[in-house]
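**Q** Let me see the structure of the following:
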Amino acid sequence: MTQSIAIFTLVVPDYDDGIAFYVGKLGFELLEDTPRGPDKRWVRVAPPGAVTAILLAKADGPQQAAAIGNQTGGRVGFFLHTDDFTRDYATMKAAGVVFKEAPRHEAYGSVVVFQDPWGNLWDLIEPKA
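**A** You can find the predicted model right below:
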């Protein structure tokens, strides 16, 4: 049996703000934006050519709102692999993405931590071949 992760959810305060960051600043593709009632939408974004997508879910109530930006307890929880670290770092920096450190080169590849506008931490990584 073959399995894969198709979608994971990130809770955001607003659908359009989520799209603005992930599509507008990171260059992800907007795969779907389907209304699901008066205040709900099914919004999927992903890097071009990716298999796994992110479902941007607008917080519904105080418990979900409290999780925005802290969905992994302050740890880096998401890992964006690239085939050209220098290009993507420069593009993201020019777009105003907030980086938490200077790029570094580790045994496993080039990496830098960035955050989305709500505080979720990501690694941008170009793995060593």
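
**Q** Checking the most centrally placed residue in the chain next. Helix, strand or coil?
**A** Nearest residue to the geometric centre of the chain (C-alpha atoms, centre = their mean): residue 22, 6.1 Å. The three-state label given to residue 22 by DSSP: H, G, I helix; E, B strand; the rest coil is helix.

**Q** That one contacts residue 45, doesn't it?
**A** Yes: taking contacts as C-beta atoms under 8 Å, residue 22 lies within contact range of residue 45: 4.5 Å. Any C-beta I mention is one placed from the backbone N, CA and C, and that applies to glycine too.

**Q** With adjacent residues omitted, what lies nearest to residue 23?
**A** Residue nearest to residue 23 in three dimensions, not counting chain neighbours: residue 30, with 5.1 Å by C-beta to C-beta, 6 or more residues apart in numbering.

**Q** and the one you found, what element?
**A** strand 29-35 (DSSP states H and E).

**Q** That strand: partners in the sheet, and parallel or antiparallel?
**A** strand 41-46 (antiparallel) (DSSP bridges).

**Q** which residues sit in contact with residue 14?
**A** Residue 14 is in contact with residue 58, counting by C-beta atoms under 8 Å, 6 or more residues apart in numbering.

**Q** gap between it and residue 129?
**A** Distance, residue 14 to residue 129, using C-beta to C-beta, to the nearest Å: 39 Å.
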